[in-house]
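Participant: Sequence plus the predicted model coming up.
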Amino acid sequence: MSIGQKLSDLRKSKHLSQEEVADRLGVTRQTISKWETDQSTPDFDKIIPICELYGLSSDELLGNINSDDTKEKKGEEINSQEVEKANTIRKRKKSMGISLGILFYFLSVVWIMIAIPVMMMNPIVASAIFLLICGIATFIIVFSCMFYSKDKREKEREELSTNKRLAKQVNEIIAMIILIIYLVISFTTFAWHITWIIWVVYGLIEQIVNLIFELRGENDAK
């Protein structure tokens, strides 16, 4: 209960009008109205006269109000802690999902490197398994990003964050470097059927960069 509401209830319980209270306290009726609508609060020198008028102590007048404010603040702190805890859990699960997807990308590259030249496997079968592993990795990453995504307002704040912008710039630079490497290797070796793996590696690097900057943002927030 606000102090204005309490003053209004006390006045009504004494069956007094705002004019009568104003006369007894030596203030205007407008001042009483502002007190009771929480547009202003009584000055310190008016607290004792108000208490004498309504027959209560200053602790009784202000104690419950302070208690209510304290409870409200504690409730807000608890809600804030719960939201922060939920956000932390969500970020950890999202990071674990992205990390698992990156691991599968590593496995797919290792597989294609040893399946044909070392294990002498049929190239079609080896490529099919390679694409399957890449598909699983992509599914895990996309699922983690969508399922543990943030609400719209939090996304907007994140998009404006320094870490997000910096990560985007780093990824753009890496993309340019990868494109140059891809074109140079492809035109010098004419191994177009193999050099496309470079883009798989780029996707892997991009996810690692995003994960690093996301974890960096968590540490900065802490």
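Facilitator: Everything's here; your move.
Participant: How many neighbouring residues does the residue nearest to Tyr54 when sequence neighbours are not counted have?
Facilitator: The shortest distance from Tyr54 to any non-neighbouring residue, by Cβ to Cβ, 6 or more residues apart in numbering, is to Leu10 (4.5 Å). Backbone N, C-alpha and C define where each C-beta goes, glycine included. A count of nearby residues for Leu10, using other Cβ atoms under 10 Å, gives 19.
Participant: Tell me which helix or strand comes right after the lowest-mean-pLDDT helix or strand in the chain.
Facilitator: Ranked by mean pLDDT, DSSP states H and E, the helix or strand of the chain with the weakest confidence is helix 152-159, at a mean of 50. Once helix 152-159 ends, the next helix or strand along the chain (criterion: DSSP states H and E) is helix 162-189.
Participant: Strands along the chain, start to end?
Facilitator: Applying DSSP state E to the chain gives no strands.
Participant: what's the domain layout of it?
Facilitator: According to automatic domain parsing, the chain is divided into the following domains: 3-56, 153-222.
Participant: Check these for me: which has the lowest mean pLDDT.
Facilitator: Ranked by mean pLDDT, these end with domain 153-222 at the bottom, a mean of 74.
Participant: any chance you could map the helices in this structure?
Facilitator: Applying DSSP state H to the chain gives helices spanning 3-13, 18-25, 29-36, 44-54, 58-115, 123-147, 152-159, 162-189, 192-195, 197-221.
Participant: which of the ones you listed sits most buried?
Facilitator: Sort the helices of the chain by mean neighbour count, taking mean count of other Cβ atoms under 10 Å, and helix 29-36 sits at the top with a mean of 18.
Participant: State the distance from the residue nearest to Ile112 when sequence neighbours are not counted to Asn210.
Facilitator: Once flanking residues are discounted, Ile112 sits nearest to Phe130: 4.6 Å by Cβ to Cβ, 6+ apart. Look at Phe130 and Asn210: by Cβ to Cβ, to the nearest Å, they are 23 Å apart.
Participant: And for Val21?
Facilitator: Counting by Cβ to Cβ, the separation of Val21 from Asn210 is 64 Å.
Participant: Distance-wise, check Ile181 relative to Met121.
Facilitator: Taken as Cβ to Cβ, the span from Ile181 to Met121 is 28 Å.
Participant: before we move on, what about Asn210?
Facilitator: 33 Å.
Participant: could the domains of the chain be laid out in JSON lines, adding distance to Ile140?
Facilitator: Listed next are the domains of the chain as JSON lines, based on distance: least, Cβ to Cβ, whole Å:
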{"stretch": "domain 3-56", "distance to Ile140": "54"}
{"stretch": "domain 153-222", "distance to Ile140": "11"}
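Participant: what's around the closest residue to Lys94 other than its chain neighbours, how many residues?
Facilitator: Residue nearest to Lys94 in three dimensions, not counting chain neighbours: Tyr148, with 3.9 Å by Cβ to Cβ, 6+ apart. As a burial measure, Tyr148 scores 18 neighbours (other Cβ under 10 Å).
Participant: what's the span of stretch 24-42, first residue to last?
Facilitator: 14 Å (Cα to Cα, to the nearest Å).
Participant: Go ahead and name everything in contact with it.
Facilitator: Stretch 24-42 has contacts (Cβ atoms under 8 Å, 6 or more residues apart in numbering) with 2-5, 7-8, 11, 18-19, 21-22, 46, 49-50, 53.
Participant: same thing but at 10 Å, please
Facilitator: 2-12, 16-23, 43, 46-47, 49-50, 52-53, 61 (Cβ atoms under 10 Å, 6 or more residues apart in numbering).
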